[in-house]
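>>> All I have is the shape, not the residue letters:
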Ligand code: HEM
Ligand code: SF4
């Protein structure tokens, strides 16, 4: 799994951080998404998919 | 300064009872076009969406209704369709566009005369939102936990001191988020009676345009004076830093400060008291939480879903002809996304009308969806988690102090909840 996060689209509400705290964080200066682990281990894939599903700005996508 | 004084809470309570009694208990939908918004909830089902709107979700999910001034509006009632509309910038949040739907004349006055970014589109919206996202991001809010916990404990200490009954709204649910947002913004809490009072007027569906104008002006003048104070004596609160940036005009600063102050206390306050009431009415769910406090985080999501206090709808206007749920919404027509019915959609939440604190409710749209999704949601979540956990832990015998039928629900307000919640322990 490879994660792409679009920092232009992100509106910084932090849902991804709640869903997958080991994978996503927010930039200190403006709260915009940062990907901590762009190729997370399989154990985190479900959490990442949940983050994709709830991101209000459709800013996160995954590819294989 | 205009104060209605301490009698206001009890007056609101009395007024709201009158309205409920005078109101037809169920809106009829003989013809879907005749569904009047806001539609009344069914008698005896104060936690459920209005039957007319909920029926639309099942039978005609994108449907026509009418507003207070007889203008037509599209209701979008299902989860998937709500996400489609709120996630698409071609549905505009700009309240100055012709066709934008308003719940009352007063709401229109407010949104047009003193707009803030909640009713603007990108790029103007994003410009302001990005000045605030860092202050409300998850880790920033998480660092406030000890402070919020202390406030919750202090309030409960005072509430329970030598007493065994109280109004939970005035003693706990309202002061908790008010104290927190004052601290964050840098607004003196001493002014709470003033801003709570005027917030109530702005959120009441029964306020006249004159009343709205008056309360709006009072709050804007208050924020303008505060901006001046912060210019003289800066601090590290959000409001002072917004002023210091120098990127926003005086009018913009005042309406933004007002938005943050109102959104920051009214919403969480109502969620706290309504959640407490919903748990007291569902003793099996309450018992599960008491037994296993680790469920509280998930329960907060479920309560947000089940109660959806932004209960009338999230407004947008189509800027192009759009197809939603198989129907065409023509350019220039208004839309209300009824997030309360979307949050009961069985396609996403099986047995959606049941409160189940163990369910995974994270896909709810109680905070909206799209780029306007609630900026304060990490803060709201923290406050609700602490409020509920602390209440249950410290008051093992918590119960209603009046018959359920006497609880004054906020049918008359833009944000749902209860005007008062008499409890004993
Ligand atoms: C349980 C509590 C809360 C609920 C249910 C709630 C709900 C909502 C909803 C539904 C929206 C979207 C409006 C739209 O799309 O037109 C929204 C936006 C907003 N909320 Fe909240 N809210 C809550 C707490 C808070 C708190 C504590 C704050 C703190 C300041 C806050 C600040 C805002 C702001 C500034 C916006 C506008 C965001 C934008 O347009 O980009 N809210 N809220
Ligand atoms: S959930 Fe989406 S919008 Fe929110 S912070 Fe994460 S990437 Fe940004």
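Arrived safely, thanks for sending. Since the model is a prediction, treat every value here as computed from it, not as a measurement. Ligands and ions are numbered 1, 2, ... in the order given.

>>> residues making contact with the lengthiest helix in chain A?
Ranked by residue count, the top helix of chain A under DSSP state H comes out as helix A:45-54. Contact with helix A:45-54 is made by A:1, A:3, A:15-16, A:19-20, A:22-24, A:40, A:60-62, B:362-363, as judged by CB atoms under 8 Å, 6 or more residues apart in numbering or on different chains. Where you see a C-beta, it was placed from the backbone N, CA and C, and this is true even at glycine.

>>> Tell me where the stretch 1-150 of chain B has strands.
For the stretch 1-150 of chain B, the strands defined by DSSP state E, counting those that start in this stretch cover B:62-66, B:72-76, B:91-92.

>>> sorry, back to before: please identify the next secondary structure element, helix or strand, after the longest helix of chain A.
Counting by DSSP states H and E, the next helix or strand C-terminal to helix A:45-54 is strand A:60-63.

>>> Can you spell out which helices and strands pack onto that following strand?
Using 3 or more CB pairs under 8 Å, 6 or more residues apart in numbering or on different chains; DSSP states H and E, the elements in contact with strand A:60-63 are strand A:2-5, helix A:45-54.

>>> Save these as CSV, and put in mean pLDDT and distance to residue B:110 too.
Output for the helices and strands packed on strand A:60-63, formatted as CSV (pLDDT from 0 to 100; distance: least, CB to CB, whole Å):
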stretch, mean pLDDT, distance to residue B:110
strand A:2-5, 96, 36
helix A:45-54, 96, 30
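
>>> Format the ones you listed as TSV; extra columns: mean neighbour count.
Shown next, in TSV, are the helices and strands packed on strand A:60-63 (neighbours: other CB atoms under 10 Å in any protein chain shown):
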stretch	mean neighbour count
strand A:2-5	16
helix A:45-54	17
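
>>> Just put those in TSV and tack on distance to ligand 1.
Below are the helices and strands packed on strand A:60-63 laid out as TSV (distance: least, CB to the nearest ligand atom, whole Å):
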stretch	distance to ligand 1
strand A:2-5	19
helix A:45-54	14
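
>>> who touches the residue in chain B that chain A sits nearest to in this structure?
Relative to chain A, the nearest point of chain B is residue B:133 (3.2 Å; CB to the nearest CB). Contacts for residue B:133 (CB under 8 Å, 6+ apart) come out as A:11-13, A:26, A:30-32, B:375.

>>> picking up where we left off before, now tabulate the helices and strands packed on strand A:60-63 in CSV and tack on distance to residue B:186.
Formatted as CSV, those follow (distance: least, CB to CB, whole Å):
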stretch, distance to residue B:186
strand A:2-5, 32
helix A:45-54, 32
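
>>> Go ahead and build a PyMOL selection from the buried members of the contacts of helix A:45-54.
Buried subset of these, written as a PyMOL selection, criterion 16 or more other CB atoms under 10 Å in any protein chain shown:
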select buried, (chain A and resi 3+15+16+19+20+23+24+40+60) or (chain B and resi 362+363)
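
>>> Of the contacts of helix A:45-54, which is the nearest to residue B:223?
residue A:15 (29.5 Å; CB to CB).

>>> Please list all residues in contact with the closest one.
So residue A:15 contacts A:51, A:54-56, B:362, B:373, B:377 (CB under 8 Å, 6+ apart).

>>> Show me which of these is closest to residue B:168.
residue B:377 (23.0 Å).

>>> What separation is there between that closest one and residue B:287?
28 Å (CB to CB, to the nearest Å).

>>> ok, now residue B:339?
29 Å.

>>> cool, and residue B:348?
27 Å.

>>> what do you get for residue B:357?
10 Å.

>>> So those two - more neighbours on which side?
Between residue B:357 and residue B:287, counted using other CB atoms under 10 Å in any protein chain shown, the more crowded position is residue B:357 (22 against 11).

>>> Mind checking what secondary structure the more buried one has?
Here residue B:357 is recorded as coil under DSSP: H, G, I helix; E, B strand; the rest coil.

>>> quick revisit: give me the distance from the longest helix of chain A to the chain's centre.
Helix A:45-54 sits 8 Å away from the centroid of its parent chain (CA atoms, centre = their mean, to the nearest Å).

>>> Chain B contacts on chain A?
Residues of chain A lying close to chain B by CB under 8 Å from any CB of the partner chain are A:11-15, A:17-19, A:25-32, A:50, A:53-54, A:56-58.

>>> Using neighbour counts, trim those to the buried set.
If we count by 16+ other CB under 10 Å, the residues of chain A next to chain B have these buried: A:11-15, A:17-19, A:25-26, A:30-32, A:50, A:54, A:56-58.

>>> Which members of these occur in helices, if any?
A:15, A:17-19, A:50, A:54.

>>> and of those residues, the nearest to residue B:414?
residue A:15 (24.4 Å).

>>> For residue B:74, see how far away that closest one is.
With CB to CB as the criterion, residue A:15 and residue B:74 are 27 Å apart.

>>> Now for the residue in chain A sticking out farthest from the centre: which residues touch it?
In chain A, residue A:29 marks the outermost C-alpha relative to the chain mean, sitting 17.4 Å out by CA atoms, centre = their mean. In this structure, residue A:29 makes contact with residue B:134, judged by CB under 8 Å, 6+ apart.
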